[in-house]
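*Asks:* any chance you can model this:
(chains A and B)
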Amino acid sequence: MPDVIMPRLSDTMEEGELSRWMKQVGDEIHKGDVLAEIETDKATMDLEAFDNGILEQLLVVAGALVPIGAPVARIGDGSNIVAEGAAPAAPVAAPAAPVAVAAAATPPVIPPADAPTPDTHTATQTGELRTSPLARKIGREHGIDLHTIAGTGPQGRITRTDVDRAILAQEAAASAVLTAHQAATPTATPAAAPAAAPAAATPAVVSADSVSVPVSRIRAVTARRLTESQAVPHFFLTSVVNVERLVAFRADVNESLAALGTKVSLNDLFVRASAVALRAHPEVNASWGDGVILRHNHVNVGVAVATDDGLLVPVVADADQKSLGAIAIETRALAGLARTGSLSLAQMSGGTFTISNLGMFGIDSFTAVLNPPEAGILAIGAASDVPAVRDGVLVTVPTVKITLTVDHRVLDGAVAAAFLRDLTTLLEEPLRIVL
Amino acid sequence: MNTEVATTRTITYRQALNETLRAELERDDKVFLIGEEIGIFEGSYKITVGLLEDFGPDRVIDAPIAEEGFVGAALGAAMLGMRPVVEIMTINFSLIAIDQIVNHAAKMRSMFAGQVSIPLVIRMPGGGGQQLAATHSQNLEVWYAHIPGLKVVAPSTPADAKALLTAAIRDDDPVIFLENLSLYSAKGEVPNDEQVAEIGKAAVVKTGTDLTIVSYSRGTTTALEVARQLEAEGLSIEVVDLRSLRPLDRDTICASVKKTGHAVVFEDDWLSYGIGAEISATIGEGVFDFLDAPVRRVAAAEVPLPYAKSLEKAALPSAADLARVVREVLNISSTPNDK
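*Replies:* Modelled structure (predicted):
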């Protein structure tokens, strides 16, 4: 049986971090099963099995950086099980329900919005990337993922003009004064600093004990905004959410969405649930405005995205008006744009609430720093199994800790607690978020 | 040096050829001309006007209508040290002599281990558009450009006609000198001084930044016309005149396309397996990473050229065809007067 190797998951990928094993030695594997999660320079993706058999050996530990083509596991008939060696990390969240084999490789299909011009397709619409060699070259040089930009050439081809536009947007985004919150930005080790931020590439040695690392514009803005934010009187509320039904609900939803070639993440469910709860609690969907409280008519939920250059918060506008599927597609597209620095100013503006999720990094719970002028930000931790007694039997229940940071000028504890209680209920009875 | 004297004159392509032949006949008594009706009739296209009178029948030889025979005779003379300049009435008739050209002239230097050289020039016009019908309107230069051992030059201006013909006659290898029926009366400035071109060098005859048109011979004239027309619309077109089809100046082509990212080849021959195919491959191999659009070719319709005026016009690649394809490559919608 062939070894399972580290696949090439993006054009610029040279190695991938095997962030989490989803299967353990001895597990029966079916073609298409998700064996592990792989984090590349661009995104976290599923490593799927191409063979049926028994997982006999894990060749690398979770967290290892593995070059493309190197073996990570061995699938066989079960006669050569090697338990020692790599100790698999305990799964901290329910594995994704098996999805179509092509799901990881095929970008989601975005249903055409209002009649696009025939010649304009994004890569995600056509499912294949048409690009000129020159566009690819410039994209490579500037760290632009061509999958995230729309081609305006013949048959939707991405040409130099399109990439140049994306570079301008990237530069605009980098200089835009926007957003920033939690202090510990979970930045993956960058494979290569994008050319757009050359200053961040070379640390300078200033003494024997430390080096001075020049910062990107995003990081400079982040630092300033975080400092401002600390002046806001704020408090934290934490709630433990039983996500058993949420996980099952997600699996059901994804089964239905499979035909559309997309799937919904737990984070998408959090966005949707928060939006519904915010609509019901207009006092939370608000901000402090120099002596008055501004209650916002729109519910625009920002989603914090870690990028190599720093933290960006693209905004899902009118999230309470959008279906789960629409939120999933939009969030994924925005996150892609964020990672390539291609977000427009508009895509990062107008947020009324923010969600920051470090669950995928295994963080149990944390507090997020407010994203001014928003009155609230929700920090989401990793799913973890806790023991519970049900009908006299000890069972494990998957839970997620969520922590709300609140601007005390706008909200008092009781009001915020009512919001968090309703949000928790929505997440535990997820059918209500689609009502 | 007398700076009062003008350094250039404006003459026709025909005149440029005639002057060059005269100058070379004067310069080197090993040079002689041979071809059908080049003496008493002074050439079917009047390239050899006055030369029989001035140089006599030993150096300006009227040959019988037997291309294989007189090309073979010239080849033999070249082997023995003469520098014959053959005129074949049109490239179409060279097919009768193709064995002499391809199997003998192109091969002898190699097969005789360098003991002989073949300083032979074969001048012949190609091109359609004169209602000469399918057998007399062909652009077969690519057949010769395909053959190692031959050089193939194709000047587009009177100045290049002069400089390249001079170079061809002085070259020690067989040179196919491609003329074009529609260029003979074209006028252009020609330096008064003797100019000897380097065979195998293309020329950027107009600079631009948006797109490169690669062409040769008559096509270059059309390319320049289209480039200037599009210039008025704000497009910056570079035109590369190949001047030599073999050796092919791949460096100049690639350098231009590297700069512009877009290329269109304008050729008078048929599309399939044509000059444009070679240029496209050259660009693909040389500057793939700099291409922003596929290389396109504008060539003749793949039919034996019709005799009927309207059909002949439709079958030949035109300035409007070229302008349309340039716009397509640059993804610009056409204007109504460009159909």
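*Asks:* okay, CA-based contacts and neighbour counts for the rest of this
*Replies:* Fine.
*Asks:* up against chain A, what does the stretch 151-300 of chain B have?
*Replies:* Taking C-alpha under 8 Å from any C-alpha of the partner chain as the measure of proximity, the stretch 151-300 of chain B contacts chain A at B:Gly261, B:Phe288, B:Asp289, B:Phe290, B:Leu291, B:Asp292, B:Ala293, B:Pro294.
*Asks:* now with 6 Å, please.
*Replies:* Residues of the stretch 151-300 of chain B lying close to chain A (C-alpha under 6 Å from any C-alpha of the partner chain) are B:Asp289, B:Phe290, B:Leu291, B:Asp292, B:Ala293.
*Asks:* among those residues, who's most crowded?
*Replies:* With neighbours taken as other C-alpha atoms under 10 Å in any protein chain shown, the top of these is B:Asp292, carrying 29 neighbours.
*Asks:* pLDDT value on that one, please?
*Replies:* pLDDT recorded at B:Asp292 is 94.
*Asks:* gap between it and A:Ile138?
*Replies:* In this view, B:Asp292 and A:Ile138 are 10 Å apart by C-alpha to C-alpha, to the nearest Å.
*Asks:* picking up where we left off before, make TSV from the residues of the stretch 151-300 of chain B next to chain A and add secondary structure and distance to A:Ala223 to it.
*Replies:* Listed next are those as TSV, based on DSSP: H, G, I helix; E, B strand; the rest coil; distance: C-alpha to C-alpha, whole Å:
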residue	secondary structure	distance to A:Ala223
B:Asp289	helix	39
B:Phe290	helix	39
B:Leu291	coil	41
B:Asp292	coil	40
B:Ala293	coil	43
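*Asks:* so B:Val121 bridges to which residues?
*Replies:* B:Val85, B:Val175 (DSSP bridges).
*Asks:* so how many other residues sit close to it?
*Replies:* 29.
*Asks:* would you confirm that it contacts B:Val85?
*Replies:* Yes. In this structure, B:Val121 is within contact of B:Val85 by C-alpha atoms under 6 Å, at 4.7 Å.
*Asks:* pull the longest strand from chain B.
*Replies:* strand B:263-270 (DSSP state E).
*Asks:* report the distance from it to the chain centre.
*Replies:* With C-alpha atoms, centre = their mean, to the nearest Å as the basis, strand B:263-270 stands 13 Å off its chain's centre.
*Asks:* also stretch A:25-41?
*Replies:* With C-alpha atoms, centre = their mean, you get 19 Å for stretch A:25-41.
*Asks:* tell me which residues in that stretch are buried?
*Replies:* Of the residues in stretch A:25-41, A:25-26, A:28-30, A:32-41 count as buried by neighbour count, 16 or more other C-alpha atoms under 10 Å in any protein chain shown.
*Asks:* what average pLDDT does that stretch get?
*Replies:* The predicted model assigns stretch A:25-41 a mean pLDDT of 83.
*Asks:* who touches that stretch?
*Replies:* A:16-23, A:44-57, A:101 (C-alpha atoms under 6 Å, 6 or more residues apart in numbering or on different chains).
*Asks:* and for stretch A:9-23?
*Replies:* Residues outside stretch A:9-23 that contact it (C-alpha under 6 Å, 6+ apart): A:35-40, A:62-68.
*Asks:* tell me the one among these nearest to chain B.
*Replies:* Of all the contacts of stretch A:9-23, chain B sits closest to A:Ile68, with 23.8 Å by C-alpha to the nearest C-alpha.
*Asks:* quick check: pLDDT value at the closest one.
*Replies:* In this prediction A:Ile68 is given a pLDDT of 80.
*Asks:* what of A:Val221?
*Replies:* Listed pLDDT for A:Val221 reads 72.
*Asks:* what about it, how many neighbours?
*Replies:* Counted with other C-alpha under 10 Å, A:Val221 comes out at 21.
*Asks:* that's a strand at it, yeah?
*Replies:* No. Judged by DSSP: H, G, I helix; E, B strand; the rest coil, A:Val221 forms no part of a strand; its state is helix.
*Asks:* may I see the buried residues of stretch A:358-373?
*Replies:* Of the residues in stretch A:358-373, A:358-360, A:364-373 count as buried by neighbour count, 16+ other C-alpha under 10 Å.
*Asks:* then stretch B:210-226?
*Replies:* B:210-224, B:226.
*Asks:* point out where chain B drops to low pLDDT.
*Replies:* By pLDDT under 70, the low-scoring segments of chain B are B:1-6, B:334-339.
*Asks:* what ranges does it have for its strands?
*Replies:* Using DSSP E, strands in chain B cover B:8-12, B:31-35, B:60-62, B:83-87, B:121-126, B:151-153, B:175-180, B:187-191, B:203-206, B:211-215, B:237-241, B:244-246, B:263-270, B:296-300.
*Asks:* same for the last one, what does it pack against?
*Replies:* In other words, strand B:296-300. strand B:263-270 (3 or more C-alpha pairs under 6 Å, 6 or more residues apart in numbering or on different chains; DSSP states H and E).
*Asks:* note down every partner strand of the strand it packs on and its orientation.
*Replies:* Strand B:263-270 is paired, per DSSP bridges, with strand B:211-215 (parallel), strand B:296-300 (parallel).
*Asks:* so for B:Ile47, which of those strands sits nearest?
*Replies:* Ranking these by proximity to B:Ile47 (C-alpha to C-alpha) places strand B:211-215 first, at 24.3 Å.
*Asks:* contacting residues for the residue nearest to the spatial centre of chain B?
*Replies:* Centroid-nearest residue in chain B, with C-alpha atoms, centre = their mean: B:Ala154, separated by 1.7 Å. By C-alpha under 6 Å, 6+ apart, the contact set of B:Ala154 is B:Leu178, B:Ser217, B:Arg243, B:Ser244.
*Asks:* coming back round to it: between the buried residues of stretch B:210-226, which is nearest chain A?
*Replies:* Nearest to chain A, judged by C-alpha to the nearest C-alpha, of the buried residues of stretch B:210-226 is B:Asp210 at 11.7 Å.
*Asks:* that's all I had, so thanks and see you.
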